[in-house]
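1. Sequence below, structure please.
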Amino acid sequence: MKKISKLIILGAIIVAIPAYTADMVFEKKENISLKGKIASVKTSKKFRNLEACQSLCESRSSCAAFTLDTYKGSCTILKNVSKEVSNSNATSGIKQ
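-> Okay, the predicted model is just below:
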């Protein structure tokens, strides 16, 4: 009986996590780099498109925003945002 209860709880958690991340809304900012406390910077090809960079942010509870810089080939995940800077090579998103 304990195994069945654990499986039910685990199943509920697995179902709830994608539903939680799917509800995240980002304010998209084109031609803007965001500055603030950096949580992570990824430069692998895997994170060089907007969807992948946003997904990385969604996967981290500490992420408040992200900036994809196509010139640098980087995805920067921010814990907070202190300012916005004009950058024609960047697209950013702030969690709403």
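
2. Show me the strands in the chain, by range?
-> Shown for the chain, the strands assigned by DSSP state E span residues 26-35, 38-42, 65-69, 74-78, 83-95.

3. Just say which of these is most tucked in.
-> Comparing these by mean neighbour count (mean count of other Cβ atoms under 10 Å), strand 65-69 comes out on top with a mean of 25. Placement of C-beta: from N, CA and C, glycine included.

4. to the chain's geometric centre, what's the distance from stretch 85-96?
-> Put simply, stretch 85-96 sits 13 Å off its chain's centre (Cα atoms, centre = their mean, to the nearest Å).

5. Please save the CA atoms from that stretch in PDB.
-> Provided in PDB are the C-alpha atoms of stretch 85-96 (Å, rounded to 0.1, in the frame of the first residue of the first chain):
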ATOM      1  CA  VAL A  85      20.800  48.400 -22.000                       C
ATOM      2  CA  SER A  86      20.200  48.800 -25.700                       C
ATOM      3  CA  ASN A  87      21.800  45.900 -27.700                       C
ATOM      4  CA  SER A  88      20.800  45.200 -31.300                       C
ATOM      5  CA  ASN A  89      22.100  41.600 -31.000                       C
ATOM      6  CA  ALA A  90      20.000  40.700 -27.900                       C
ATOM      7  CA  THR A  91      16.500  39.600 -27.100                       C
ATOM      8  CA  SER A  92      15.500  39.400 -23.400                       C
ATOM      9  CA  GLY A  93      12.600  38.100 -21.400                       C
ATOM     10  CA  ILE A  94      11.500  39.100 -17.900                       C
ATOM     11  CA  LYS A  95       9.200  36.800 -15.900                       C
ATOM     12  CA  GLN A  96       5.800  38.400 -15.300                       C
END
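
6. for the most centrally placed residue in the chain, what are its contacts?
-> Nearest to the geometric centre of the chain sits C57, at 1.2 Å (Cα atoms, centre = their mean). With contacts defined as Cβ atoms under 8 Å, 6 or more residues apart in numbering, C57 is in contact with F26, C63, A65, F66, I77, G93, K95.

7. Mind putting the strands of the chain into TSV with mean pLDDT and distance to A52?
-> TSV is the format used below for the strands of the chain (pLDDT from 0 to 100; distance: least, Cβ to Cβ, whole Å):
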stretch	mean pLDDT	distance to A52
strand 26-35	97	14
strand 38-42	96	9
strand 65-69	98	9
strand 74-78	98	7
strand 83-95	97	12
